[in-house]
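Asker: compute the structure for the input listed below.
(chains A, B, C and D)
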2 protein chains.
Amino acid sequence: MSGLLDVIQSAGTRYRTATEFVEATLREAILSGAIAPGTPLRQEELATSFKVSRMPIREALRQLEAQALVDFEPHRGAVVVQITLLDAMDNYAIRAALEPQALRLSIPNLTAEDFEIAEDLIAEIDHEQDPGRMGELNRRFHMTLYAQAGLPRLIALTEQHLASADRYLRFHLAAVGGDMGQDEHREMLAACRIGDVERAVATLARHHGRASEAMQAFFRARDVSRD
Amino acid sequence: MSGLLDVIQSAGTRYRTATEFVEATLREAILSGAIAPGTPLRQEELATSFKVSRMPIREALRQLEAQALVDFEPHRGAVVVQITLLDAMDNYAIRAALEPQALRLSIPNLTAEDFEIAEDLIAEIDHEQDPGRMGELNRRFHMTLYAQAGLPRLIALTEQHLASADRYLRFHLAAVGGDMGQDEHREMLAACRIGDVERAVATLARHHGRASEAMQAFFRARDVSRD
DNA sequence: TGCCTGTCGATTGGATCCAATCTAACAATC
DNA sequence: GATTGTTAGATTGGATCCAATCGACAGGCA
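Answerer: Below is the predicted model:
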């Protein structure tokens, strides 16, 4: 371990084990696209660049496998899972199931502070140019509205799949022409404020449906196979 | 490895690595309740009983951690996650979100063969006494109706959480007095046969709602803390 | 030419070993 | 008697080592 934990600990978030650090870093890299889909993840290579042995790498890869971020083939190693239209649709379908549920349960518990945070995030998204940060702000806006659902596993699962959506962000933005759906964000927030669960959920469904259709048309138009 | 893989390969399902075998076996044991919630999973102990070294054990435990079946605490090891009312409600909420989505997408693709299989499973459940097998049959019935959704991740995630529900099966059966909700099963299947998506989904929602409420009342009545 | 086969390097799966940390029991102090 | 410090054993995290498997390529054969 030696020098690694020092670096880790000086970097803000504290990780208690090398495995945790490797897992979090790799996940972030995969979700952001820093490591391209299809890239083979050589254990020895990762070990030297993380300055640890292969063991924490392997444990981290197993966790990422369970999160469906890498494919494992015995004696052939791990590969970053591809992005296909099917995967994108799959992700949308899962989010379209989980997010309304989370929202429905959360709305009754949302506070004035939550509304303020959500309001600020909408404003930030308006002024943001960088696609990567836009994705993060979008994620935080949605999670703010879901966070009071009171069921930790539901919230974690929702966040995980919302984060996975970042992998499709480039395509998403291209598909919808840079429109993050701010109108729907505002309408959702307004509905949450007055406790109108049905309208909030319906707006969210429209949000998902519109994005999903745009993405589908986009992929169909320029064929998936590349990238 | 030596003697282990022989045993594995003669046991029906073939596992390609010891890690896979350990992971599947432990998950099964946790879900069925063979390993009680709260049990610490000592790596050395598991290693000797599986007749492998600690390494495949560790990788398997990491995967189970990502599936929220064990809790990991640095330098303290893995523990089978507890069963609480909150967890049960969490699981219901997730299933209540995922399963209608899977069903909705699957119904248009269901074939006559699927209906036959589902029909047979309903009959089998009628005549089954053993709670463990009843849980499995119930799971297979539901999955049969979801299996044609066409989205692999959605299906896998649904199955995973349906399987997790087995952990609450004992409580579930006690709560509903042994009634697996066969009336609703029959109504769902009938609706699927005639392609009535809305009625099928509504019946499923009733199925979930009834089970969830019974479980909640049951836990409340006899307090969660024990078991 | 085209196909099969065997060998070699690369890479992973698993075993063993060492270091770091936690738990628990016990001693010392107030 | 309760609390705190200390130390030994148990247990995990990580490193290193060895064995098994895969892919590519070269050579033999029809």
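Asker: care to break chain A down by domain?
Answerer: A:3-80, A:85-222 (automatic domain parsing).
Asker: the longest one close to chain B?
Answerer: Yes: for domain A:85-222, a contact with chain B is found by Cβ under 8 Å from any Cβ of the partner chain, at A:86-87, A:89-91, A:93-94, A:96-98, A:100-101, A:105, A:149, A:151-154, A:156-157. Yep, even glycine has a C-beta here, placed from its N, CA and C like the rest.
Asker: now the helix or strand where A:Gly132 lies: buried residues?
Answerer: Taking DSSP states H and E as the criterion, the element that holds A:Gly132 is helix A:131-146. Buried residues in helix A:131-146, counting neighbours by 16 or more other Cβ atoms under 10 Å in any protein chain shown, are found at A:131, A:134-146.
Asker: run through the neighbouring helices and strands of that helix.
Answerer: Applying 3 or more Cβ pairs under 8 Å, 6 or more residues apart in numbering or on different chains; DSSP states H and E, one finds that helix A:131-146 makes contact with helix A:85-106, helix A:112-127, helix A:152-164, helix A:169-176, helix A:182-193.
Asker: which residues touch the residue of chain A at minimum distance from DNA strand C?
Answerer: With Cβ to the nearest atom of the strand as the measure, A:Gly77 is the residue of chain A nearest to DNA strand C, at 3.1 Å. By Cβ atoms under 8 Å, 6 or more residues apart in numbering or on different chains, the residues touching A:Gly77 are A:40-43.
Asker: switch to 6 Å and redo it
Answerer: The contact partners of A:Gly77, taken as Cβ atoms under 6 Å, 6 or more residues apart in numbering or on different chains, are A:Pro40.
Asker: for it, phi and psi?
Answerer: A:Gly77 adopts backbone torsions of phi 90, psi -170, taken as degrees, to the nearest 10.
Asker: same deal with A:Ile194?
Answerer: Given degrees, to the nearest 10, the pair of backbone angles that A:Ile194 has is phi -90, psi 10.
Asker: swap in A:Val70?
Answerer: Dihedral pair for A:Val70: phi -130, psi 150, per degrees, to the nearest 10.
Asker: and for A:Gly33?
Answerer: Note on A:Gly33: its backbone torsions stand at phi 90, psi 0 [degrees, to the nearest 10].
Asker: neighbours around it, how many?
Answerer: Using other Cβ atoms under 10 Å in any protein chain shown, A:Gly33 has 17 neighbouring residues.
Asker: what of the one 10 residues further on?
Answerer: Using other Cβ under 10 Å, A:Gln43 has 15 neighbouring residues.
Asker: DNA strand D contacts on chain A?
Answerer: A:1, A:17-19, A:52-56, A:59, A:74-76 (Cβ under 7 Å from any atom of the strand).
Asker: what is the nearest of these to B:Asp183?
Answerer: Comparing the residues of chain A next to DNA strand D against B:Asp183 with Cβ to Cβ places A:Pro74 closest, at 45.5 Å.
Asker: relative to A:His75, how far out is the closest residue to the closest one other than its chain neighbours?
Answerer: Spatial nearest neighbour of A:Pro74, chain neighbours left out: B:Arg16 (4.5 Å); criterion: Cβ to Cβ, 6 or more residues apart in numbering or on different chains. Distance, B:Arg16 to A:His75, by Cβ to Cβ, to the nearest Å: 9 Å.
Asker: out of the two, name the residue with the larger neighbour count.
Answerer: Ranked by neighbour count (other Cβ under 10 Å), B:Arg16 and A:His75 place B:Arg16 first, with 12 against 6.
Asker: any chance of the backbone angles for that one?
Answerer: Main-chain dihedrals, B:Arg16, degrees, to the nearest 10: phi -90, psi -20.
Asker: cool, A:Glu73 as well?
Answerer: phi -130, psi 130.
Asker: in chain A, which ranges drop under the pLDDT threshold?
Answerer: Applying pLDDT under 70 to chain A flags residues A:1-12, A:222-227.
Asker: and the helices and strands packed on helix A:131-146, which is most packed in?
Answerer: Highest mean neighbour count among the helices and strands packed on helix A:131-146 (mean count of other Cβ atoms under 10 Å in any protein chain shown): helix A:85-106, with a mean of 22.
Asker: run through who's touching that helix.
Answerer: With contact meaning Cβ under 6 Å, 6+ apart, helix A:85-106 is reached by A:145-146, A:148-149, A:154, A:158, A:161, A:164-165, A:168, A:197, A:200-201, A:204, A:208, A:212, A:215, A:219, A:224, B:93, B:97-98, B:101, B:151, B:153-154.
Asker: do stretch A:207-225 as well
Answerer: A:84-85, A:88, A:92, A:96, A:172, A:175-176, A:181, A:184.
Asker: between those, which is closest to B:Met188?
Answerer: Proximity of the contacts of stretch A:207-225 to B:Met188 was ranked by Cβ to Cβ; the top entry is A:Ala96 with 21.1 Å.
Asker: CA atoms of stretch A:127-139 as PDB?
Answerer: These are the backbone C-alpha positions of stretch A:127-139, laid out as PDB (Å, rounded to 0.1, in the frame of the first residue of the first chain):
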ATOM      1  CA  HIS A 127     -26.000  28.300 -17.300                       C
ATOM      2  CA  GLU A 128     -23.900  25.200 -17.600                       C
ATOM      3  CA  GLN A 129     -22.100  24.400 -20.900                       C
ATOM      4  CA  ASP A 130     -19.900  21.400 -20.100                       C
ATOM      5  CA  PRO A 131     -21.900  18.200 -20.900                       C
ATOM      6  CA  GLY A 132     -20.200  16.200 -18.200                       C
ATOM      7  CA  ARG A 133     -21.100  18.700 -15.500                       C
ATOM      8  CA  MET A 134     -24.600  19.100 -17.000                       C
ATOM      9  CA  GLY A 135     -25.100  15.300 -16.500                       C
ATOM     10  CA  GLU A 136     -24.000  15.600 -12.900                       C
ATOM     11  CA  LEU A 137     -26.300  18.500 -12.200                       C
ATOM     12  CA  ASN A 138     -29.200  16.700 -13.800                       C
ATOM     13  CA  ARG A 139     -28.500  13.700 -11.700                       C
END
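Asker: so how far is that stretch from its chain's centroid?
Answerer: Offset of stretch A:127-139 from its chain centre (Cα atoms, centre = their mean, to the nearest Å): 12 Å.
Asker: what do you get for stretch A:47-67?
Answerer: Averaging C-alpha positions (Cα atoms, centre = their mean) puts stretch A:47-67 21 Å from its chain's average.
Asker: for the most centrally placed residue in chain A, which non-adjacent residue is spatially closest?
Answerer: Centroid check for chain A by Cα atoms, centre = their mean gives A:Ala163 as the closest residue, at 0.7 Å. Leaving aside its sequence neighbours, A:Ala163 sits nearest to A:Leu31 (Cβ to Cβ, 6+ apart; 5.6 Å).
Asker: just say helix, strand or coil for the one you found.
Answerer: With DSSP: H, G, I helix; E, B strand; the rest coil as the basis, A:Leu31 sits in helix.
Asker: hmm, A:Asp166 and it touching each other?
Answerer: Yes: using Cβ atoms under 6 Å, A:Leu31 is in contact with A:Asp166, at 4.8 Å.
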